[in-house]
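A.B. asks: how would this look folded up:
(2 chains)
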Amino acid sequence: MQIEKNIMNQLSSFNRARRVGTGAAALAAVLYAASLAFVGAAEANAPAAKPNDTKIAQAKAAETKKESAKPKREEKKKLTGAELYAINCNRCHPERYPTEWNPAQWKTLMLHMRVRANLPAVQAKTIVKYLQEEAGN
Amino acid sequence: MKKRSLLYTLLAASCAIGTALPRQAFAEVSDQDFNEVKNMLQELSEKVKKLEQAHDQDQQLHRQDQQKIQELQQDLGQTKELATNAVQKAEAAAQAPAAQSLAAGPSATHQFQVVGDAETIFGHVSGQHSAFAFADFAPIFLFRANDNILFEAGFDFTLANNAPASAGTAYNFDLSFATLDYVLNDYVTVLAGNMILPLGTYTERGAGWLNKMPDNPLPRGLLPGNGAGVQLRGAIPLGAKGQMLTYSVYGVNGPSSVDGTGNSGSLDLGGNVGILSAATTLPRQYGYGLPGTTFSTVGNLHSDPSGGGRIGWFYPWKPQYDVELGISGQSGQWNDVGGKWSAVVADAAVHVGPSIEVKGEYINTWVDTTDLGNIRPNGWWVQGGYKLSGLGIELPVINNVELMGRYDQSNDGLVPATNAERYSAGFIYYFSNTLLFEGDYEWLHSSGPNSQVFPSNELLFQISYGF
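C.D. replies: Down below sits the predicted model:
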């Protein structure tokens, strides 16, 4: 009787562990699927580059240049690497100067900081580009 | 009548002449002449045929030439396009020379890097002698295998009191974390290993030179700092001003009981992985060898892992003006009798310009115990800082000073409860962006049966260096 009780206890524990494991696996699958959806959406929104569009692109660029000469409403400004660096990095630690490390070291450091500080990939890439451009030797 | 007869006569005469004249003409062309003319006509006909053939050949050549011209024109167009693309690529390369040159990949020495911090504390606790109380060296080793894989491990070398190996020495060497990070895509990074837990933000951002006070807030002692397991984390950018939604989800071994029981005094927040005794003999029903076999192994002291996570929202309205809010939690079994340990942490941080920072956390935990039932240890802390450079006074010493203040309190949840609350006021002097001199005075009031575990009023100084 005691042995059966022990076995039942073990099975109960196993079932709980299995439920937790199944739940974790389902959550991981949902997260992964959601991330794929985000990636897909980002790629779908990205303009596809066609070699034959060169002349059209040049023409459009010329038009844009003409239009930019005219005064117009301020457009949505994309944040620069320096701005994103000031926004994200200074809130946790004193500012580190770009010249403190070389470009390859910044690449390693920013991968570490992207994970630790949970930075969005697009912002981390913009920041690392800025730091590499301003980096020391 | 005469006229009509005359007309008939003339008609008959002309018919007679007409009939006679052709005979005379045919009679003038001989067969020889006829054959000559005939031959001449045949020669002309052959010449015309040859000319027609030549013309056809010329037309074919013309068509071939036209085809070749079209092919050449197409080749010319492609060449022009290639040349245009090459110019554009050259212009792009000229605009971003640094990024292009780095894409080739760094050397192995550049993929390996050491960062971290070091601290020394001098303290005076009321009723005791002043002393250098603590020295800490905490390197973090980073190795970037490629753009998506990073190994990172943090260590803590600490020494308190006296020299190593002398009487009264207390020193420690800890692995504070060690993880393999794999960037799955732009939105998911997988961590595996012994990780710093994202319960609130303090532990992940609490290295000695990051925390602006010499010691930790009191209620942080209610939470585990690390866990062995797996974590998924990432961020989703929102809008164009740098806003983001961050998340972390993890499963870890979780807190445990030091002896397997569910008594309140047996809770071990550090985790439940332990090495069983080398002389352990497992029961026969587990199937490990023959009865009496001894061995050493690593095992969990309970069977259920803990799960947890954090969701955060970060909103900067301009650089150095931002607010961050987060909610995190963890839950799981902590002993062998089915008792659960759970926690919820709410965290917030605000920056108003480069000079003002306020942040804090509220922590509540639930512990199922055998001896005391469900207890709820809890606490909260809030910390503020003001950099005097914000006053705009052009004095070198003033501009390097940040004034600090903190309030923290904790309650152990027992009946009767032990409460502790502390007021701290201090400063930071920035010798540089990485070398900090911190000092504070802490007024601590505690009450309850376990109040002796809390220190008395303290004066602390700390030198921190981040590298």
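
A.B. asks: Could you check how far B:Met404 is from chain A?
C.D. replies: 14 Å (CB to the nearest CB, to the nearest Å). C-beta: built from backbone N, CA, C; applies to glycine.

A.B. asks: got it, and B:Trp366?
C.D. replies: Distance, B:Trp366 to chain A, using CB to the nearest CB: 18 Å.

A.B. asks: so who does that residue touch?
C.D. replies: Counting by CB atoms under 8 Å, 6 or more residues apart in numbering or on different chains, B:Trp366 makes contact with B:Lys340, B:Trp341, B:Ser342, B:Ala343, B:Asn374, B:Ile375, B:Arg376.

A.B. asks: Surely the fifth one is in contact with B:Val367?
C.D. replies: Yes: applying CB atoms under 8 Å as the test, B:Asn374 and B:Val367 come out as touching, 7.0 Å apart.

A.B. asks: So for those two, which sits in the more crowded spot?
C.D. replies: Set B:Asn374 next to B:Val367 and count neighbours by other CB atoms under 10 Å in any protein chain shown: B:Val367 wins out with 23 against 12.

A.B. asks: mind checking the backbone torsions on B:Asn419?
C.D. replies: phi -110, psi 150 (degrees, to the nearest 10).

A.B. asks: For chain A, which residue gets nearest to chain B?
C.D. replies: Residue of chain A nearest chain B, by CB to the nearest CB: A:Ala104 (3.3 Å).

A.B. asks: Can you pull the poorly scored residue ranges out of the chain?
C.D. replies: Using chain A. Chain A contains residues with pLDDT under 70 at A:1-76.

A.B. asks: You answered for a different chain; I wanted chain B.
C.D. replies: Checking chain B against pLDDT under 70 turns up B:1-28, B:87, B:89-110, B:161-168, B:271-303.

A.B. asks: any chance you could map the helices in it?
C.D. replies: Under the criterion DSSP state H, helices of chain B are mapped to B:2-26, B:31-95, B:97-102, B:108-111, B:396-399.

A.B. asks: Which other helices and strands does the longest one contact?
C.D. replies: So that's helix B:31-95. helix A:54-68 (3 or more CB pairs under 8 Å, 6 or more residues apart in numbering or on different chains; DSSP states H and E).

A.B. asks: tell me which residues of the very next helix or strand once past the helix it packs on are tucked away?
C.D. replies: Later in the chain than helix A:54-68, the nearest helix or strand by DSSP states H and E is helix A:81-88. For helix A:81-88, the neighbour count (16 or more other CB atoms under 10 Å in any protein chain shown) marks A:Gly81, A:Ala82, A:Glu83, A:Leu84, A:Tyr85, A:Ala86, A:Ile87, A:Asn88 as buried.

A.B. asks: cool, stretch B:441-453 as well?
C.D. replies: Within stretch B:441-453, the residues scored as buried using 16+ other CB under 10 Å are B:Glu442, B:Leu444, B:Ser446, B:Gly448.

A.B. asks: Look up which residues are beta-bridged to the nearest residue to the second one once chain neighbours are set aside.
C.D. replies: The shortest distance from B:Leu444 to any residue that is not its chain neighbour, by CB to CB, 6 or more residues apart in numbering or on different chains, is 4.4 Å, and that residue is B:Arg422. According to DSSP bridges, the partner residues bridging B:Arg422 are B:Asp408, B:Leu444.

A.B. asks: Next, count neighbours for B:Arg422.
C.D. replies: 22.

A.B. asks: circling back: which of the buried residues of stretch B:441-453 fall within strands?
C.D. replies: Among the buried residues of stretch B:441-453, the members falling in strands (DSSP state E) are B:Glu442, B:Leu444, B:Ser446.

A.B. asks: Contacts only, for the first one.
C.D. replies: It refers to B:Glu442. Contacts of B:Glu442 by CB under 8 Å, 6+ apart are B:Asp215, B:Arg422, B:Tyr423, B:Ser424, B:Asn457, B:Glu458, B:Leu459, B:Leu460.

A.B. asks: Repeat that for the second one.
C.D. replies: In this structure, B:Leu444 makes contact with B:Ala420, B:Glu421, B:Arg422, B:Phe454, B:Pro455, B:Ser456, B:Asn457, B:Glu458, judged by CB under 8 Å, 6+ apart.
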